[in-house]
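Enquirer: take this sequence and fold it.
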Amino acid sequence: MNALADLGAVAAAAGLMAGGYAYAANWPTSQIFGRTLIAGPNDTGSTHAVALTYDDGPSPRNTPALLDLLAEHNVTATFFLIGEHVRKHPELARRVAAAGHVIGNHTSMHPNLAKKNKARVREELTRCQQTIEDTIGVKPVLFRPPYGARTRSVLRTARVLGLTPVMWNVTAHDWDPIGVPAILSRIDKGMAYNRSRGKASNILLHDASHLDGAEPASRADTITVTRTLLQRPALRFTTPLEWLGT
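Expert: Sure, this is the predicted structure:
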């Protein structure tokens with residue numbers, strides 16, 4: 001019985017360790033593996049500070065309409081671009097930058113960096129960095145790991161390359177076919193929670209899919225959700241650059 005109890009204790013400890021590692025590597029607000037930029041303090045007045053951040057682009061199917069919408073409301077967003085998508089759609093990437101939006105590094109091929117060795121991590125970040133810089137003349141200073149997956153080594157490599165890792169504190173789940181009402185509900189709950197803690201909101205959205213090929217995925221729901229948020233006067237839109245150093 002003692003031997004069985006010992007085995008059970010070992011298994012339980014191993015399970016706790018695995019769970020702790022998964023939390024540290026994937027939970028967006030975890031800081032166990034190192035500091036990441038999430039969000040700054042909320043506004044002191046009646047408005048709520050919100051950063052609209054879009055991953056996986058650019059996409060010829062979705063990004064132009066999104067850019068038109070943001071321009072209509074004179075709002076600056078943050079686009080974490082995949083290097084290979086920039087290479088395939090250089091004019092669209094240049095349009096994002098020309099509109100004044102913040103450009104971030106989202107790796108070259110969108111792998112799970114927590115499962116890659118140090119050399120591959122560095123290659124993914126440097127190739128994306130070089131592709132963006134060569135294409136649009138902008139050197140990103142922000143980096144978002146695909147899936148939010150990171151380790152100490154991933155974060156260290158990013159910082160060595162001059163990149164600030166940026167996570168989020170509102171997950172819209174706009175990549176799932178849950179519909180506009182459900183996406184907005186998730187966003188509203190996240191913003192309410194952040195506001196109650198005196199924090200701004202950094203919303204994870206997508207203007208593309210990392211799997212995009214000849215037939216890019218639709219992000220029509222994301223565009224509709226964005227339109228709804230832009231029409232809310234109580235929201236003040238900003239970017240993670242405002243929160244650097246706060």
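Enquirer: tell me where this structure has strands.
Expert: 48-55, 78-81, 102-105, 142-143, 164-165, 170-171, 201-206, 235-238 (DSSP state E).
Enquirer: for those, which one sits closest to Ser185?
Expert: strand 170-171 (11.6 Å; Cβ to Cβ). (Each C-beta comes from the backbone N, C-alpha and C, glycine too.)
Enquirer: from the chain's centroid, how far away is that closest one?
Expert: The chain centre lies 9 Å from the centre of strand 170-171; the measure is Cα atoms, centre = their mean, to the nearest Å.
Enquirer: now tell me what touches it from outside.
Expert: Identification of contacts with strand 170-171 by Cβ atoms under 8 Å, 6 or more residues apart in numbering yields Pro28, Arg186, Ile187, Gly190, Met191, Asn194, Ser201, Asn202, Ile203, Leu204.
Enquirer: make a markdown table from those residues and add pLDDT to it.
Expert: Output for the contacts of strand 170-171, formatted as a markdown table (pLDDT from 0 to 100):
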| residue | pLDDT |
| --- | --- |
| Pro28 | 96 |
| Arg186 | 98 |
| Ile187 | 98 |
| Gly190 | 98 |
| Met191 | 98 |
| Asn194 | 98 |
| Ser201 | 98 |
| Asn202 | 98 |
| Ile203 | 99 |
| Leu204 | 98 |
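Enquirer: top of those by neighbour count?
Expert: Highest neighbour count within those: Asn202, with 28 neighbours (other Cβ atoms under 10 Å).
Enquirer: ok, it - contacts?
Expert: Ile38, Ala39, Val50, Ala51, Thr53, Val166, Met167, Trp168, Asn169, Val170, Pro240.
Enquirer: Serialize the residues you listed to TSV and add fields for neighbour count.
Expert: Shown next, in TSV, are the contacts of Asn202 (neighbours: other Cβ atoms under 10 Å):
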residue	neighbour count
Ile38	22
Ala39	26
Val50	25
Ala51	27
Thr53	24
Val166	28
Met167	21
Trp168	24
Asn169	20
Val170	22
Pro240	24
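Enquirer: need the contact list for the residue nearest to Cys128 when sequence neighbours are not counted.
Expert: The shortest distance from Cys128 to any non-neighbouring residue, by Cβ to Cβ, 6 or more residues apart in numbering, is to Gly83 (3.5 Å). By Cβ under 8 Å, 6+ apart, the contact set of Gly83 is Asn105, His106, Thr107, Ser108, Met109, Arg127, Cys128, Thr131, Ile132.
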